[in-house]
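Novice: With the input below, show me the fold.
(chains A and B)
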Amino acid sequence: MKERRGQVLIIVGVVLSLLILSVAVTLYMDQLQYSQFQISTYNTAALNIADDFNRVLTNILAASTVTYNNSADIVTPRAWANTNFTDWVSAVQSQYSSTGIQSSFYYTNVSLGNDPYVITALGSSECICTNYSLIKLLWYAPRSISAISAGYNLSLPGQYVYGLRNEQLILLNTSINGISVYNIKTPTKQSNVTTIKTVFGVTVLKEQGIPADDLSVRNFKVVYFDPLKNEWVQASNLTLLNLAGGNYNISFTASWQNLNSYMYGVVQKDMKYFILWVTDDRGIMTESYSYTSVSYVLHQQALPSSDPKSYETYVLESLNNGSVIWFNHLLNFTSNAAPAPIPIPPVKQLRVYTNVTGPNPVPSQVEVWNPTYTVPTLEFANWRTRFILGDKLVYEVTFAGNKINNVNVTITWLTDADAQPPVFKLTFAQTANEWIVNNLQYSLGLVTNSNLANYEPGTNWIDYNLQVNATYPNGTYNPNGYHVEYTLFGYDAFNMKGGGTWFPAKLPWGPGPNEGWTVLPGPVRAVAYRVSDFSYEPPNDTYYCSTGEPGCPANHQPADFQFTQIILIPYNVPYFESYLTAKAVRNVPFAQQYVSIVGMIAGTERDRNLPSSIRPSWGSLQCISGSAQNIYNGSYTPTFNFHIFRSDADCSNAIKTPMYIGYWVSLYSLQRSQSIFLDSNTYASIASAPLHGYWFWTTADGARRVAEYDYAYWNGGNHNYVITNGTVITASFAGWIYQNALSAPSGQYIDSSIWQNGYLYTNANGAMIPSLYYKMFLLPYYPVITYATVS
Amino acid sequence: MKKRGISILIEAVVVALMVIAAFSVAYFYITPSNPRLQRSQPDLNKLGFNILNSLAQSHAFDDTIINSTALFNYYNNCSHSPPSIVITPPTQWGNAASQLAYTVTVINNDFECGTETFVLQAGMPSSSWQYFFSQNYMFIRSGGGNSSVTLYVTSPLTANGPNRFYVNVTNVSPGLPSNVGYAIAYANYTVQQSCSYSEPTVSVLPGSGWVNSGGLVNYTVTIYNNDAPSCGYSQFTAFVTSNKPNLVTSSFNSTLNQSNITVFAQSAGGYVSFPLYVNSSATFSGVSSINVTVVQSGKSVPQSASQPVTYIATYAASPSSGCNNPNVVITPASTWQNSGVNYSYTVYVYNNDNACSSSSSEGFTLSISSLPSGWKYKFNATTLSIAQNGGIGAAKLYITSPSKGIALFTVTAKVNSETGTSNNAIYVVSSVQPTCNTLPPGLAVLPPSGWGTPGMQLNYNVEITNNDNSACGASGTINLSVSTPNGWAAGFQLSNLTATTNGGLASTILSVKSPNNALGYAKINITAVDTVSSKSSTFTLTYFVPPPCSNVNYTCIVHANGVIPGWQRNIELALLNLIPPGYIFNLNVSLISVSVYTPYLTEAIPLNGGFVISNAQAQSFRTASQIGDVTYVYTAPKLYILVFHLQIAQVTQP
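Specialist: I've put the predicted structure just below:
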């Protein structure tokens, strides 16, 4: 009986245990299943956000690089990238808000490494980072990077998990290395084709150093500089060797016909200069250059080496083939130097440094001229463009400083796509009659109102000039201050009805209310130019132009000259540049013999009332006769008209022919002074004209004081003077404006109204400054480039 | 013993039943309720995520669902249409090498795309033309936003006649195909020959009128326009005064109360004539000088400065004795001829003497002055015998021009000590004889597109230019007509516009009303016909009625061709291949819209469009208590964002 009861109890106990165990297991499994479900939801959401986060960053970066490559403007792609990222954040947060996931997204600052090329361009103290800017493009160097970086935090309150952090950096990193140039086919008599092969290595990496090892030749584009075409041309025969690990060897060839030995050396050197675009399979693009800068040493020859050269600043122009221009002439490279091409980054990337001016770049801008660099275009200062044929990189190189005769100039292109275009340093004003440019050292006005073409007495204006005006501190014209006009080309003379003669009778002209002038501002250099075959004779209201030519009135006379005029006004230098070419298109008849190349007029008739301290009263000139170069100074009579023709062979007497001139002439007062510096060609052009000379004179009313270069001096009795068809007259000069010219010491000019007894007084700044600086504009004294290198 | 055995048996049975019951309960709790469902929900979620993720990694969604050429996504559902662009004025006339300014207006016809960037480019007739924009890019909001810049065009010196150029505008929003946001507009720059203005000439006939006191004399005033042929018509205003205004009344109308009159005359010697009436009081007796002054107006350049021309007529109400200077009139006062033409003028001499001499007639001697060298002249009679008291003598004056030049001359008649000199007459040698050249009128509509709602009336400014030259007349009429789609209504405020030749501009208002059921855009065609030449131009403007997409929906997107037709079937086939047999699925796809005006305001727009992407009946999921439900966000390369909702369940045993 005991045994039976025990069995039943055991059985009952087992059953109860099983029941309890079953319930426990069931409850456990239920809880486990619920937990797994929650975890799965969070997991899939987190995984999905992580995946799509990478996708959206990649896609934003890809589109931004393509857009920037096409536009040369980072502003729009960057704004677009930020908008898209913000919108994506909104979309994701709205989708996962019901799951209880809390998220926050942010931009990050991620280091992109310490590549020496990038450091050089950015400055060693700067972090090469994405800098919380979402996208960052560091291009135009052997190592180029396109990157995007951002991060997010996820919190899973249901799982008591907070701060799940993920920061992503998506990038494409392209590095050029190991450039070799081979002559694969030496020119022989049998073959006149020279082929040169360039081989280089490139490493393409993605984020975290992941190799982009699945690229094919279609992912690469190479352009190289062809010095014979002066253009960057695309290599059409790329070959690609995949070395694995993101390393590739790329080669391309270029061929030229009939290459001489000198040009062979040039093209072989230049084949090292190429540009590489890489677009990976994600659509992300980089633009890499095989070099980062072009440097050269500029050696000045114009001033004595020991001189402080306070004003010796050259406004140079570099072209895409590496040539350097000063005053419309190519500078010479010595045998140790050769020009290197400047690549084609967006022009806002270009910077110029010199060892004189230190770490800050010198004032520079890029100007868009026509492909032959002869005439500016209306896109003159457009910065949303690349540096291509027809563009000029304009910058200033100064030798100011004791005993500086060589300046190291470095032209580089910033790698950071966020580089800004140059700021406007010149200031401009447009009045009813003038376009005024203030360059910090002077204020220059170009008269552009054809309505002012009036020869009648009483007018204050002459319509063919540049005015150097005194200005108030705010830059506006001060009518009571200094006023001198540079007269440009003019010819023939006109007898006025009331007596007297009007000079000149005929002026270069153009159609339209601005007399055909086009004026364009720039950050550090402005331009005014006119290309026309019009002349205008205000006294007779007669146009000289081609029959049937648009804009040429019916009652016209035949065109006399084809004119090209360009005036350049740089920032913060004491000069402006003026170029004129006049080509006779017929045998130009003259009523009176008179051709003025360039001159200066001390103001208008109202200047008669100006105090002597600001009214130009003195002048100086250089006279060259053989090897003799003398300086003569003189003063104008206080009120009366007079005419002085310079000069005889030893520059000591005033006679009309033959006449001897020099390279410069100046007109000055105590307050302001200005000179004309001819260039070598213009001097030769004038000096070769049989009737050339200086002319210093005062107008009949005693108001205007004039100093000018004449291609043919005025001879009112010669009605048979003719400039023959095809004659080319050039007038290239610098107008040099300076201050604080000293008058002669008291007494020395008292009786100097008779200029032909000119007084030699070289201690006056009015003569000293021009006599020191005029050589800057003469060809034999142009600076030379003694050394050039590329890095 | 038998009883105990039964008890044991019963106990065993009870225990067995209890064990069975316990296991049954446990089994009930630890196994799914549906015996056909094999996978747990977490597994199903993982399976669903893996399937969608594998499709995403293989780029299966990239160009499958959204038509990115029609629809581009900034995480919103912006729909793209070509922008509208117009250049105003449609034509301008200018001299060669002059700079003309045009206004370029662009309308952003995108919908719900926020503010976008547009870039302008211009194409000139040749590379020698130059141009620049005041700004070559624009930021314009979508939904009909507009922006304008100025385009400056400079023609080369060698340009001539009409020249057409274009401006195109491209929406450069990143990723947008260039063929989507693109439009082009054309305008004309007509290079005219330089207009050179000259003083007009005027004649008044008779040179003197002789009537009794209180009598009326009818004169005829003729004004000659001496401007160069390219100048076209000019406006002249004639003024008349009397030196005895209280006694002698002069007027250009018969009611004698109009002292000035405005008329038009064609250039190159064109003339206009009108009457002049002079009367006096009944008691007036004597001579009055009538002064006619003509002023040419509307000139804008220095050469156009107006100068008066004066002619003095003599009015003798009652003859009085005395010797008076004669009047001399040359007619015509202006002529434009080819070189070498021997042209005949008529010189009238009016004898104003009264009993000045004993004879009734007097002999007047004619002479000419101021004729330039090289010109030849001849009178058919150098002496005229003319009766006193207003007698009239006439002589022919023949003038022969050399190869070129302009002659301005006067004729003097002299008798005794009395001398009369004519007003200036002019002879212009010109090989340019005006001929009528016609061109289609310029036509532009501003704005080039409008955004309205169903039933709404929009107004557009229609500008036309008359491109005929002045030889076709001072002005011309341009007829306007408009054609609309069915149900649309349109009308002009003025359908016949008059514009001066040589590029004259005129404008009117076009009103367009959409029907009440309008949706999308309508093309409204406007035609301008030159009534002189019947040549015409057309302009197509756009009237947008955007879909009611303040909350963007599938209809809106389909309307914009924003989805790939049949995408649902393609995705369904992909899922059928990827999901193992025995599973059922149901997929819904949405496009995420982010309002461009309210950031962080998002909307999921279902894209299925009624298509069920599934391999099962809807009720099949009701029998499955374990259903995987996965949300998957996918951002395509074109940066539109999709959300996939995938339900998945296993319905058969593996």
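Novice: from here on, contacts and neighbour counts on C-alpha atoms
Specialist: Fine.
Novice: in the longest strand seen in chain A, what's buried?
Specialist: When chain A is parsed with DSSP state E, its longest strand is strand A:161-185. Buried positions in strand A:161-185, judged by neighbour count with 16 or more other CA atoms under 10 Å in any protein chain shown: A:167-176, A:179, A:181.
Novice: Just name the shakiest helix or strand of chain A by mean pLDDT.
Specialist: Ranked by mean pLDDT, DSSP states H and E, the weakest helix or strand in chain A is helix A:116-122, scoring a mean of 45.
Novice: Which elements pack onto the helix or strand harbouring B:Glu116?
Specialist: Applying DSSP states H and E as the criterion places B:Glu116 in strand B:115-123. Where contact means 3 or more CA pairs under 8 Å, 6 or more residues apart in numbering or on different chains; DSSP states H and E, strand B:115-123 is packed against strand B:137-141, strand B:161-171.
Novice: Now the stretch 401-550 of chain B against chain A: closest residue?
Specialist: B:Gly405 (7.8 Å; CA to the nearest CA).
Novice: and that residue, how many neighbours does it have?
Specialist: Using other CA atoms under 10 Å in any protein chain shown, B:Gly405 has 16 other residues around it.
Novice: A:Ser335 too?
Specialist: Neighbours of A:Ser335 using other CA under 10 Å come to 9.
Novice: Spatially nearest residue to it (excluding sequence neighbours)?
Specialist: Nearest residue to A:Ser335, sequence neighbours excluded (CA to CA, 6 or more residues apart in numbering or on different chains): A:Thr786, at 7.7 Å.
Novice: from what I can see the one you found touches A:Leu331, true?
Specialist: No. Using CA atoms under 8 Å, A:Thr786 is not in contact with A:Leu331; the gap is 10.6 Å.
Novice: distance of A:Tyr160 from chain B?
Specialist: 19 Å (CA to the nearest CA, to the nearest Å).
Novice: What score does that residue have for pLDDT?
Specialist: At A:Tyr160, the model reports a pLDDT of 75.
Novice: Can you give me the distance of it to B:Asn45?
Specialist: Going from A:Tyr160 to B:Asn45 by CA to CA, to the nearest Å gives 21 Å.
Novice: Neighbour count: these two, which is higher?
Specialist: B:Asn45 (25 against 7).
Novice: quick one: secondary structure of the more buried one?
Specialist: Classification of B:Asn45 by DSSP: H, G, I helix; E, B strand; the rest coil places it in helix.
Novice: Contacts only, for the nearest residue to it once chain neighbours are set aside.
Specialist: Leaving aside its chain neighbours, B:Asn45 sits nearest to B:Gly628 (4.6 Å; criterion: CA to CA, 6+ apart). Contacts of B:Gly628 were listed using CA atoms under 8 Å, 6 or more residues apart in numbering or on different chains, and they are B:41-45, B:48, B:646-649.
Novice: Kindly report the same for B:Gly455.
Specialist: B:513-518.
Novice: and if you look at A:Asp560?
Specialist: A:533-535, A:544-545, A:584-588.
Novice: Just the ones in strands from the residues you listed, please.
Specialist: Those of the contacts of A:Asp560 lying in strands (DSSP E): A:534-535, A:544, A:584, A:588.
Novice: what's across from A:Val352 in the sheet?
Specialist: Legend: beta-bridge partners of A:Val352 under DSSP bridges are A:Ile411.
Novice: So it is in contact with A:Leu414, correct?
Specialist: No. Counting by CA under 8 Å, A:Val352 does not reach A:Leu414; the two are 10.3 Å apart.
Novice: can you give me the helices for the chain?
Specialist: Picked chain A for this. Using DSSP state H, the helices of chain A run over A:2-71, A:75-96, A:116-122, A:261-270, A:680-687, A:765-773.
Novice: nope, chain B
Specialist: B:2-30, B:41-57, B:554-559, B:567-578.
Novice: Dump those helices to CSV, plus mean pLDDT.
Specialist: Output for the helices of chain B, formatted as CSV (pLDDT from 0 to 100):
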stretch, mean pLDDT
helix B:2-30, 66
helix B:41-57, 88
helix B:554-559, 76
helix B:567-578, 92
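Novice: where are the low-confidence patches of the stretch 551-654 of chain B?
Specialist: B:551-552, B:560, B:595-599, B:625, B:653-654 (pLDDT under 70).
Novice: Near chain A, which residues of it are found?
Specialist: B:592-594, B:599-602, B:630-639, B:641 (CA under 8 Å from any CA of the partner chain).
Novice: Next, check these against the strands and list the overlap.
Specialist: B:592-594, B:602, B:630-635, B:641.
Novice: what about stretch A:369-381, distance to the chain center?
Specialist: Per CA atoms, centre = their mean, to the nearest Å, the displacement of stretch A:369-381 from the mean C-alpha position of its chain is 12 Å.
Novice: Oops, could you answer that again for stretch B:164-174 instead?
Specialist: So, by CA atoms, centre = their mean, the centroid of stretch B:164-174 is 17 Å from its chain's centroid.
Novice: buried ones in that stretch?
Specialist: Neighbour count says stretch B:164-174 has B:165-174 buried, by 16+ other CA under 10 Å.
Novice: okay, those residues in JSON lines with pLDDT and distance to chain A next?
Specialist: Formatted as JSON lines, these follow (pLDDT from 0 to 100; distance: CA to the nearest CA, whole Å):
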{"residue": "B:Phe165", "pLDDT": "94", "distance to chain A": "17"}
{"residue": "B:Tyr166", "pLDDT": "94", "distance to chain A": "17"}
{"residue": "B:Val167", "pLDDT": "95", "distance to chain A": "16"}
{"residue": "B:Asn168", "pLDDT": "92", "distance to chain A": "16"}
{"residue": "B:Val169", "pLDDT": "92", "distance to chain A": "14"}
{"residue": "B:Thr170", "pLDDT": "88", "distance to chain A": "12"}
{"residue": "B:Asn171", "pLDDT": "87", "distance to chain A": "12"}
{"residue": "B:Val172", "pLDDT": "78", "distance to chain A": "8"}
{"residue": "B:Ser173", "pLDDT": "72", "distance to chain A": "8"}
{"residue": "B:Pro174", "pLDDT": "64", "distance to chain A": "6"}
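Novice: which one among the residues you listed gets closest to A:His692?
Specialist: Nearest to A:His692 among the buried residues of stretch B:164-174: B:Phe165, at 47.8 Å, using CA to CA.
Novice: circling back to that earlier point, which one of the contacts of B:Gly628 is nearest chain A?
Specialist: B:Pro42 (4.9 Å).
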